[in-house]
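# Have a look at this fold, sequence not included:
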C-alpha cells in the first residue's frame, strides 16, 4: 500500500518567526488585577 500527499505552504515576508519549541505558556500572577486610573464621571441623576 502506498500514498501520495501534496503539501501546500504559504510564504509571508517581514514577519517574526520563532520555533514552536520556544513558545511557553505561563499562568498569570494570582495577585495581578486590572485597575482603573483617573477620575470617575459624575452621576447623571437620571435626566
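Thanks, I have it. None of these values were measured; they are calculated from a predicted model. Numbers count the residues shown, from 1 in each chain.

# centroid residue for the chain?
For the chain, the residue nearest the mean C-alpha position is residue 25 (11.4 Å; Cα atoms, centre = their mean).

# which SSE is it in?
Using DSSP states H and E, residue 25 sits within no helix or strand.

# what about stretch 4-16, start to end distance?
32 Å (Cα to Cα, to the nearest Å).

# what's the answer for stretch 14-24, then?
One end of stretch 14-24 sits 23 Å from the other (Cα to Cα).

# Please state the offset of it from the chain centre?
14 Å (Cα atoms, centre = their mean, to the nearest Å).

# Quick check: buried residues in it?
Of all the residues in stretch 14-24, not one is buried under the rule 16 or more other Cβ atoms under 10 Å. No exception for glycine: its C-beta is placed from N, CA and C like everyone else's.

# what is the rounded mean pLDDT of that stretch?
On average, the pLDDT along stretch 14-24 is 88.

# swap in stretch 2-11?
Throughout stretch 2-11, pLDDT has a mean value of 92.

# if we can go back for a sec, how much space separates the residue nearest to the centre of the chain from residue 18?
Separation of residue 25 from residue 18 (Cβ to Cβ, to the nearest Å) stands at 14 Å.
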